[in-house]
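Sequence first, then the predicted structure:
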Amino acid sequence: MKKMMVMAGLALALAACSDSEEPSVNGNTVEDGNSANENNAVDHGIEDESVGFTLGDDGKVVEADVPEEEADEVLAAYKEYIDAFNEEDLQRYMNVIASNPDGFDRAEDEAALEEAFKVYNTTYSTGNETIVGYEENRAEVFAEVDVLVEDPNSEKSTKQSGRQVVVFIKEDGNWKVTSLHFIGNS
């Protein structure tokens, strides 16, 4: 999923800073960092370009009209998603992921995350969480995100900030993550 792709990119940045004398495998081409399948780091295979957010005249993110109870449930699912990741609780994290997510392979995401938890300490800090899209069984949550990736075996770390929209679907009465769209700040 996008978080994993961002984390992988940050992990590569940490690795690039290593003292290793080994040559880099990065050929500095457009294709570096993109997987061979259709679910690459840029769009995860998502063709629905209607996902996003709108800024009002005041520069603030425009909030969707959502019934209060549903809004509470969606934001609680978003919080659980972030908390489970930050606590590196893989099973808890996977419980918030849809059984057949759009745009990424659930098993691949789980395996990549399991490996990442072994290698790096990663923390997501979020703010301005806003439901920007809502239908009866689908919701989009916008957030401003700071991602800190630390190598526990050195003093190396990297931080990236950006904005994301996490798309949730209702599955068996619970809100589950089905896709994520991340825009890094330059």
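In hand now; what should we look at? Numbering: from 1, shown residues only.

Surely residue 178 and residue 102 touch.
Yes - between residue 178 and residue 102 there is a contact under C-beta atoms under 8 Å: 4.8 Å. Backbone N, C-alpha and C define where each C-beta goes, glycine included.

got any residues that touch both of the two?
Overlap of the contact sets of residue 178 and residue 102 (by C-beta atoms under 8 Å, 6 or more residues apart in numbering) consists of residue 167.

more neighbours, these two?
The neighbour comparison of residue 178 against residue 102 (other C-beta atoms under 10 Å) goes to residue 178, with 21 against 17.

CA atoms of the one helix or strand the more buried one maps to as CSV?
Assigned by DSSP states H and E, residue 178 belongs to strand 174-184. Extracted in CSV, the C-alpha atoms of strand 174-184 (Å, rounded to 0.1, in the frame of the first residue of the first chain):
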residue,chain,number,x,y,z
ASN,A,174,-16.8,-2.4,9.9
TRP,A,175,-14.8,0.3,8.1
LYS,A,176,-11.7,-1.2,6.4
VAL,A,177,-8.9,0.4,4.4
THR,A,178,-9.1,-0.4,0.7
SER,A,179,-6.6,2.1,-0.8
LEU,A,180,-4.4,5.0,0.1
HIS,A,181,-3.2,8.0,-1.9
PHE,A,182,-0.1,9.9,-0.7
ILE,A,183,1.2,13.2,-1.9
GLY,A,184,4.6,14.1,-0.5
